[in-house]
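Engineer: Got a predicted structure here, sequence first:
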Amino acid sequence: MTDTHLTNDEIVEETKSKYDKTKLYLYIAMSLSSWGDRMWSFAVGIYFISLNPTNLQGVAINGVVLNLAVILFGTAIGIWIDHNPRLPTLRKILLIQNCSVAFMAILVVIALYDQSKFSANWNIIIQGMLIGIGIIATLSSMASKISISKDWVVVLYGSDRQNLANTNATIRRIDLISNVLAPIATGAIMAFTFRWVSAVFIAGWNVISLGLEWFLYTKVYRTAENVLSHKISKTNSNQESSQVEEGVVTKLLSSIQGLGTYGSLSVCLPGLSLALLYMTVLSFDSVTRAYVIDQGLSEVVLGGLNGLGSVIGVIGTFMYPVFVKHNGLVRTGVIGFWSEFSMLLLCLSSLFVHGSTFAPYEILTGYSCHLNSTINPVSTTNFIPYYCLELNVSVLLLIIGITFNRFGLWVVDLTVNQLQQERVPEDIRGRIGGTQSALNQFFDMLRYILIIILPKMPEFGYHVCLSVLSVFTASLIYTIWSCSSSSQLVPPSTDIEMCETNAELSKTSQ
């Protein structure tokens, strides 16, 4: 018994050492992909404003349509990933994703190079094309993330929890760093040249990145082909073929069925808790940026705090493996959720201190620090009473809370992601990953709907209250789950079983 156990340990170590060599290729490929995604997500809103400078309608429609696309088709795409071989599937995704972004960038170049040649109607048509192709790009980007983070990473490094935690943290760190640096690079190109030049750069980046990512992921696959080529699926080849040919209605039904499958898993409640974090304005999004600037915070200070928030998020990715090692995976999630909530209490308290525009506070105190206006992300200049400009404690508390809650947020994100990696069966990883993405986008869209219902500056405080309530609910749900029997399904017995299964698979495939 002891000899067998030692033999399995040796196999795990040998497998871990072998597949760790693939990490460099994986990290470089994901850096290229993340950088391209972040450049486009930063630039696309500016391009829409350039095509229609009079209002934000194009930006709003684009955001809502892309959210709806993920909600409707996320699960179906996940099922498609489950039912097809890993490398050919990923190659198709990379081809569609990079080509669609490059084509949209080319459209922007054509439209912005000489705008005088195009009428208003042509600009509307181009915006419509950007939205349509953007759906394809968004879905393929989501598919790429599901394929790599929910499947490839688990197969390669899932035999050791700590190794998996380190890998997940590094991947998230790459994304956060790209989120800081890519917009700076894109903005610099726009500032020192022309906006259409930045579109040329983005198009070129995606074309070159396609070739490099194709090569790097192929290199990863060839190095670990003995495990990556083996894929468990409940359906036979005939069923898989028929599913590819299913119509849109059937795919939508599969999304509904995906919720049923999702709800039957032990990680359903942690996933729901993560999704609830998307229903918050307490982040550096366009709405919150517009609000704090309206309250007198300078763009320079806001940009600096945004960068600081990303740095704190990166620190969270460094601390995550440490928490997992010393506290276990489930308890790490508890730390992350309540850490985030504790920082958001500063945001809640900002509604009841000097400088607050929250209507109930103003009624009680008689002070008014707002204009009777609606939230407008492009407005940067407003006249505010002098006593609100002396030291706006309200805005200060709000922005500090938003900045420092990034630590807990990314610890939570990594925890729930790894829980799903470890506990979701291989044959439905894509389905569950797609359903989780759809759930996240549903709550994100719900946030925008609430903003449309309550758009005025004095009403922003209600969104803050709802955001804090949403995070508290998420923290409470996760904590209750962590104390239940469901949270104990993996540690320690199934962890050992998972390691032995992966090790045995590696042994028999050699």
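Structural biologist: That came through, no problem. In this text, all values refer to a predicted model and were calculated from it rather than measured experimentally.

Engineer: Now the closest residue to Q295 other than its chain neighbours, what are its backbone angles?
Structural biologist: Computed as CB to CB, 6 or more residues apart in numbering, the closest residue to Q295 that is not its neighbour in sequence is V395, at 4.7 Å. All C-beta spots, glycine's among them, are computed from the backbone N, C-alpha and C. The phi/psi pair for V395 (degrees, to the nearest 10) reads phi -70, psi -40.

Engineer: where's V395 relative to G307, distance?
Structural biologist: Going from V395 to G307 by CB to CB, to the nearest Å gives 18 Å.

Engineer: One more: V59?
Structural biologist: Counting by CB to CB - V59 and G307 are separated by 23 Å.

Engineer: More neighbours: the two, which one.
Structural biologist: Remark: of V59 and G307, V59 carries more neighbours, 20 against 16, as counted by other CB atoms under 10 Å.

Engineer: Go ahead and confirm that one touches I49.
Structural biologist: Yes. Counting by CB atoms under 8 Å, V59 touches I49, with 6.9 Å between them.

Engineer: from what I can see W481 touches L269, true?
Structural biologist: Yes. Using CB under 8 Å, W481 is in contact with L269, at 4.2 Å.

Engineer: got a pLDDT number for V244?
Structural biologist: Note for V244: predicted pLDDT of 41.

Engineer: just checking, T473 touches L277?
Structural biologist: No. With contact defined as CB under 8 Å, T473 does not count as touching L277 (10.0 Å).

Engineer: Which residue of those two possesses the greater neighbour count?
Structural biologist: For the pair T473 and L277, the greater number of neighbours falls to L277 (26 against 16), based on other CB under 10 Å.

Engineer: ok, now how distant is that one from Y478?
Structural biologist: 10 Å.

Engineer: just G260 next, same as before
Structural biologist: For G260, the distance to Y478 - CB to CB - is 22 Å.

Engineer: neighbour count winner among those two?
Structural biologist: Remark: of G260 and Y478, Y478 carries more neighbours, 27 against 9, as counted by other CB under 10 Å.

Engineer: mind checking the SS state of the more buried one?
Structural biologist: helix (DSSP: H, G, I helix; E, B strand; the rest coil).

Engineer: which residue packs closest to it, ignoring adjacent ones?
Structural biologist: Spatial nearest neighbour of Y478, excluding adjacent residues (CB to CB, 6+ apart): S273 at 4.2 Å.

Engineer: Next secondary structure after the helix or strand the one you found falls within?
Structural biologist: Assigned by DSSP states H and E, S273 belongs to helix 268-276. Counting by DSSP H and E, the next helix or strand C-terminal to helix 268-276 is helix 286-294.

Engineer: So for that next one, mean pLDDT?
Structural biologist: 77.

Engineer: Can you tell me which helices and strands that helix packs against?
Structural biologist: Helices and strands touching helix 286-294, by 3 or more CB pairs under 8 Å, 6 or more residues apart in numbering; DSSP states H and E, are helix 299-327, helix 393-423.

Engineer: Next, the angle helix 286-294 makes with the last one.
Structural biologist: So the one you mean is helix 393-423. Here helix 393-423 runs at an angle of 160 degrees relative to helix 286-294 (axes from the mean of the first three to the mean of the last three CA atoms, to 10 degrees).

Engineer: What is helix 393-423 packed up against?
Structural biologist: Looks like helix 393-423 contacts helix 153-157, helix 161-192, helix 268-276, helix 286-294, helix 299-327, helix 329-349, helix 429-453, helix 493-509 (3+ CB pairs under 8 Å, 6+ apart).

Engineer: D114 is nearest to which of the ones you listed?
Structural biologist: helix 161-192 (17.3 Å; CB to CB).

Engineer: buried sites along the helix or strand just after that closest one?
Structural biologist: For helix 161-192, the following helix or strand on the C-terminal side (DSSP H and E) is helix 195-223. Applying a neighbour-count criterion of 16 or more other CB atoms under 10 Å, one finds 195-196, 198-203, 205-206, 209-210, 213-214, 216-217, 219-221 buried in helix 195-223.

Engineer: List the buried residues for the next helix-or-strand element following helix 195-223?
Structural biologist: Heading C-terminal from helix 195-223, the first helix or strand you meet, by DSSP H and E, is helix 225-228. Across helix 225-228, burial judged by 16+ other CB under 10 Å covers 227-228.

Engineer: One more: stretch 415-427?
Structural biologist: If you call a residue buried by 16+ other CB under 10 Å, then stretch 415-427 has these buried ones: 415-424, 426.

Engineer: and if you look at stretch 153-162?
Structural biologist: 153-161.

Engineer: Max pairwise distance over these: which two?
Structural biologist: Farthest pair in the buried residues of stretch 153-162, by CB to CB: V155 and R161, 14.7 Å.

Engineer: Report the contact partners of A29.
Structural biologist: 212-213, 216-217, 220 (CB atoms under 8 Å, 6 or more residues apart in numbering).

Engineer: JSON lines for these, including pLDDT and distance to L346?
Structural biologist: Formatted as JSON lines, the contacts of A29 follow (pLDDT from 0 to 100; distance: CB to CB, whole Å):
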{"residue": "L212", "pLDDT": "97", "distance to L346": "43"}
{"residue": "E213", "pLDDT": "96", "distance to L346": "41"}
{"residue": "L216", "pLDDT": "96", "distance to L346": "42"}
{"residue": "Y217", "pLDDT": "96", "distance to L346": "42"}
{"residue": "V220", "pLDDT": "94", "distance to L346": "43"}
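
Engineer: got the end-to-end distance for stretch 275-293?
Structural biologist: Terminal residues of stretch 275-293 lie 28 Å apart, using CA to CA, to the nearest Å.

Engineer: Tell me how many other residues crowd V180.
Structural biologist: Neighbours of V180 (other CB under 10 Å): 16.

Engineer: Let me fix that, I meant to ask about K21.
Structural biologist: Using other CB under 10 Å, the number of residues around K21 comes to 11.

Engineer: Is it in contact with V220, as I believe?
Structural biologist: No. Using CB under 8 Å, K21 is not in contact with V220, being 9.4 Å away.

Engineer: sorry, back to before: which one of the contacts of A29 sits closest to T435?
Structural biologist: The closest of those to T435 turns out to be Y217 (CB to CB; 24.4 Å).

Engineer: show me the residues around the closest one that make contact.
Structural biologist: Y217 neighbours (CB under 8 Å, 6+ apart): 25-26, 29, 87, 90-91, 94.

Engineer: can you rerun that using 7 Å?
Structural biologist: For Y217, the contact set (CB atoms under 7 Å, 6 or more residues apart in numbering) comprises 29, 90.

Engineer: Y320 now?
Structural biologist: Contacts of Y320 (CB under 7 Å, 6+ apart): 165, 169, 332, 411, 414.

Engineer: rerun at 8 Å
Structural biologist: Contacts of Y320 by CB under 8 Å, 6+ apart are 165, 168-169, 332, 410-411, 414-415.

Engineer: Check R447 too.
Structural biologist: Contact analysis of R447 by CB under 8 Å, 6+ apart lists 278-281, 463.

Engineer: Now M279. Nearest residue, chain neighbours left out?
Structural biologist: Residue nearest to M279 in three dimensions, not counting chain neighbours: F443, with 4.1 Å by CB to CB, 6+ apart.

Engineer: could you check the distance from that neighbour over to M343?
Structural biologist: 20 Å.

Engineer: And for R429?
Structural biologist: Taking CB to CB, one finds R429 at 32 Å from M343.

Engineer: Show me which of those two is the more surrounded one.
Structural biologist: More neighbours surround R429 than the other of R429 and M343, with 25 against 22 (other CB under 10 Å).
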